[in-house]
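1. My questions concern the predicted model and sequence given below.
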Amino acid sequence: MRFMMIHYIDESVLNGDESEDIEDPEEVRIREAWDKEMQERGILVGGGVLDRPRKTKTLRVRDGKVLITDGPFAETKEQIAGYAVLECTDLAEAIEVSSRHPTGKFGTFELRQYVDY
């Protein structure tokens, strides 16, 4: 079963000053260790990190007109920061794997199973 693990992090963290982008080396090491383990187990099959929410454009088409606004259109303090594509045997394994990701300490994960058409 394939799942998308969507990372949500408080927008104040995601929209911080770009000069503050220096990450704690220990946090990077822990995150890279999780990635490596999941890749070796064949679970992490894709993913990515997204740019800051304030650099986002939201697009809608209404009555044939393209409407573009700045930033994400969400009434929430948490924004999507990135995602991982997981190949797991079932939801229980996807939950176990996601619960071990280091950003779970300060963010939120949404797990959605891919639908096969």
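-> Cool, got the structure.
2. For Ile9, list each beta-bridge partner.
-> With DSSP bridges applied, the residues forming beta bridges to Ile9 are Gln79.
3. ok, how many other residues are close to it?
-> Each residue near Ile9 was counted by other Cβ atoms under 10 Å, and the total is 18. Where C-beta positions appear, they are placed from N, C-alpha and C, glycine not excepted.
4. correct me, but it touches Glu78?
-> Yes. Between Ile9 and Glu78 a contact is recorded at 6.4 Å, counting by Cβ atoms under 8 Å.
5. any common contacting residues for these two?
-> Residues touching both Ile9 and Glu78 (Cβ atoms under 8 Å, 6 or more residues apart in numbering): 107-108.
6. Contacts only, for Pro72.
-> Shown in contact with Pro72 (Cβ under 8 Å, 6+ apart): 53, 56, 58, 79-80.
7. any chance of those in a markdown table, plus distance to Ile68, neighbour count and pLDDT?
-> Below are the contacts of Pro72 laid out as a markdown table (distance: Cβ to Cβ, whole Å; neighbours: other Cβ atoms under 10 Å; pLDDT from 0 to 100):
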| residue | distance to Ile68 | neighbour count | pLDDT |
| --- | --- | --- | --- |
| Pro53 | 15 | 18 | 81 |
| Thr56 | 11 | 16 | 84 |
| Thr58 | 7 | 12 | 83 |
| Gln79 | 18 | 22 | 85 |
| Ile80 | 18 | 16 | 87 |
